[in-house]
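In: Structure here, sequence nowhere to be found:
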């Protein structure tokens, strides 16, 4: 039976609260095991003392995800897919975000190939405190020529991001593997016609492989079991991704069936799933914008249910931005608000005359306020108060944002309103106006009530800063 709660994991721990794992108690460490921020190897008594050997083995087995986790690529840009335990993220969370690979072909001109690969590798969108990236390159063998494919692989591999090799020709795949022996690419794909040769390649080069059976789950499961029995464990499933009509409905249904079976304990099909939204470009749509739109819609469908890795084509911002934003949203832990570190931040180049503001450490709130300040050239100090990642209005109502919490945040930040600035004044969010009196008492400072919306801060500053003495 799968372990899904800290209390269940705690039963297998030494229960001595020794602290060697870095946590104060074994129960706290058990919580880290459940959310995967800790590993069983962090518990030194568990791994060192022979009397715990059986418990350790059993704990590792029970903590293993229902869906196998597969790694593509090497180094800092390597990506993990699969590894899920639940069908619905509110039950636990989805751990490994949908990975997006954009295609190139081995028939592209060298300059065009290099430019497109660099665009893929350098894509970066700052969003709520982190950079959203494109994960890798899918190299499609249009020529069916091993030499041309090898040359394309060599050029792409120089960039150092994960790759998918796309061909049903084992000779082409082998040429790619020889050109990038240590890159750990994903092979696409083994099917009922080439499974023996592609399976041998996966074993020889120790790389993950896609097993493909279009709209035929029985064959897909049979091929997968054959590979698993042969010792190939890093498998990705391709049940087919039709771009429209009944085929689209069948594809969606197949994804649901596969994931449900895997989560419910059918180990023969408990593997990550590959979606191919780029098939929108093969559906007969002549207009590139319409094809890109439909590809993006398909990517949304299979990000939500249950595409672990995708191959796409359109690099237009109107396609890529919705795709990466949706994946980030779906794979954000719904139980834990996204938060920034609670500390004093400098916006621009503030000095002793600059204003001091505070907000909560809810990432969306913090970065909205910071953006409104920095984009208007307001040099200031901005304190993020720890409210457990809750926004201003809700935190005031729920007691997570109080005068005492603000005072404590100032003290922990080391910032002194009386000595680090010459005005001993702090600006509170308009939604926290009712804290003004308590704040003045606790901080011993003048408190100005700012606007309800941080977008109005520039106008507020023009009228109210510097403060009147």
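Out: Cool, the structure landed. Predicted model, so just to flag it, every value in this text is computed and none were measured. Numbers count the residues shown, from 1 in each chain.
In: Roughly how far does the spatially most central residue of the chain sit from residue 84?
Out: With distances taken as Cα atoms, centre = their mean, the residue of the chain nearest its centroid is residue 97 (4.2 Å). Separation of residue 97 from residue 84 (Cβ to Cβ, to the nearest Å) stands at 11 Å. The C-beta positions use only the backbone N, C-alpha and C, and glycine is treated the same way.
In: picking that back up, could I get the contacting residues of the residue nearest to the centre of the chain?
Out: 327, 328, 330, 331 (Cβ atoms under 8 Å, 6 or more residues apart in numbering).
In: Does the residue nearest to residue 86 when sequence neighbours are not counted belong to a helix, a strand or coil?
Out: Distances taken as Cβ to Cβ, 6 or more residues apart in numbering place residue 92 nearest to residue 86, at 4.7 Å, with adjacent residues excluded. Under DSSP: H, G, I helix; E, B strand; the rest coil, residue 92 falls in the coil class.
In: The one 10 residues further on now?
Out: Classification of residue 102 by three-state DSSP places it in strand.
In: ok, now residue 390?
Out: For residue 390, the assignment made with three-state DSSP gives coil.
In: how close does it sit to residue 140?
Out: Distance of residue 390 to residue 140, given as Cβ to Cβ: 46 Å.
In: try residue 216
Out: 23 Å.
In: Between those two, tell me which one has more neighbours.
Out: Per other Cβ atoms under 10 Å, whichever of residue 216 and residue 140 has more neighbours is residue 140, with 21 against 16.
In: mind listing what the more buried one touches?
Out: Contacts for residue 140 (Cβ under 8 Å, 6+ apart) come out as 103, 104, 105, 106, 166, 167.
In: For the spatially closest residue to it that is not a sequence neighbour, give me phi and psi.
Out: Spatial nearest neighbour of residue 140, chain neighbours left out: residue 166 (4.3 Å); criterion: Cβ to Cβ, 6+ apart. Per-residue torsions, residue 166: phi -110, psi 110 (degrees, to the nearest 10).
In: Would you state the helices of the stretch 201-350 of the chain in chain order?
Out: For the stretch 201-350 of the chain, applying DSSP state H, counting those that start in this stretch gives helices covering 217-229, 245-263, 288-304, 317-330.
In: In the last one, which residues are buried?
Out: When burial is assessed from 16 or more other Cβ atoms under 10 Å, helix 317-330 yields the following buried residues: 319, 320, 323, 324, 326, 327, 328, 330.
In: okay, among those residues, which ones form the most distant pair?
Out: The largest distance within those, taken as Cβ to Cβ, falls between 319 and 330 and amounts to 17.2 Å.
In: Residue ranges of each domain in this structure, please.
Out: 6-63, 69-330, 344-464 (automatic domain parsing).
In: First-to-last residue distance for the first one?
Out: Length of domain 6-63, first residue to last, Cα to Cα, to the nearest Å: 11 Å.
In: May I have the residues that are in contact with residue 368?
Out: The contact partners of residue 368, by Cβ under 8 Å, 6+ apart, come to residue 454.
In: now do residue 38
Out: Taking Cβ under 8 Å, 6+ apart, we find residue 38 in contact with 21, 23, 29, 32.
In: most surrounded residue in these?
Out: Within the contacts of residue 38, neighbour counts (other Cβ under 10 Å) peak at residue 29, which reaches 26 neighbours.
In: you'd agree residue 190 is up against residue 230?
Out: No - applying Cβ atoms under 8 Å as the test, residue 190 and residue 230 come out as separate, 11.1 Å apart.
In: Among those two, which residue is more densely surrounded?
Out: Shown here are residue 190 and residue 230; by other Cβ under 10 Å, residue 190 has more neighbours (30 against 14).
In: so where does the closest residue in space to that one that isn't next to it in sequence fall, helix or strand?
Out: Nearest non-adjacent residue to residue 190, counting by Cβ to Cβ, 6+ apart: residue 198, 3.8 Å away. Using DSSP states H and E, residue 198 falls within helix 195-205.
In: next one: residue 126
Out: For residue 126, the enclosing helix or strand under DSSP H and E is strand 125-127.
In: residues making contact with the helix or strand just after that strand?
Out: Counting by DSSP H and E, the next helix or strand C-terminal to strand 125-127 is strand 130-132. Residues from elsewhere that reach strand 130-132 (Cβ under 8 Å, 6+ apart): 124, 125, 126, 324, 325, 328.
In: cutoff 7 Å now
Out: By Cβ atoms under 7 Å, 6 or more residues apart in numbering, the residues outside strand 130-132 that reach it are 124, 125, 324, 328.
In: Grab the nearest non-local neighbour of the first one.
Out: When you say that, I think you mean residue 124. Leaving aside its chain neighbours, residue 124 sits nearest to residue 131 (5.0 Å; criterion: Cβ to Cβ, 6+ apart).
In: Count the residues that sit near the spatially closest residue to residue 241 that is not a sequence neighbour.
Out: In space, and not counting its chain neighbours, residue 241 is closest to residue 276: 4.0 Å by Cβ to Cβ, 6+ apart. Residues lying near residue 276 (other Cβ under 10 Å) number 26.
In: Same check on residue 88?
Out: 9.
In: residue ranges of the helices in the stretch 51-200 of the chain, please?
Out: Assigned by DSSP H, counting those that start in this stretch, the stretch 51-200 of the chain shows helices spanning 53-63, 110-122, 146-157, 170-179, 195-205.
In: For residue 458, which of those is the nearest?
Out: Set against residue 458 and scored by Cβ to Cβ, these come closest in helix 110-122, at 32.6 Å.
In: what angle sits between that closest one and helix 317-330?
Out: Using axes from the mean of the first three to the mean of the last three Cα atoms, to 10 degrees, the inter-axis angle of helix 110-122 relative to helix 317-330 is 30 degrees.
In: So which residues make contact with helix 110-122?
Out: Defining contact as Cβ under 7 Å, 6+ apart, one finds that helix 110-122 is touched by 102, 104, 134, 137, 152, 155, 156, 159, 161, 315.
In: Give me the buried subset of these.
Out: Neighbour-count burial within the contacts of helix 110-122 applies to 102, 104, 134, 137, 152, 155, 156, 159, 161; the criterion is 16+ other Cβ under 10 Å.
In: Run the chain-centre distance for the strand holding residue 126.
Out: 12 Å (Cα atoms, centre = their mean, to the nearest Å).
In: ok, the closest residue to residue 327 other than its chain neighbours to residue 364 distance?
Out: Distance criterion Cβ to Cβ, 6+ apart; nearest residue to residue 327, sequence neighbours excluded, is residue 98 at 4.6 Å. Applying Cβ to Cβ, the value for residue 98 to residue 364 is 21 Å.
In: Which of the two has more residues huddled nearby?
Out: Shown here are residue 98 and residue 364; by other Cβ under 10 Å, residue 98 has more neighbours (26 against 17).
In: Surely that one is in contact with residue 304?
Out: No - applying Cβ atoms under 7 Å as the test, residue 98 and residue 304 come out as separate, 9.2 Å apart.
In: Next, the buried residues of stretch 107-123.
Out: If you call a residue buried by 16+ other Cβ under 10 Å, then stretch 107-123 has these buried ones: 108, 113, 114, 116, 117, 120, 121, 123.
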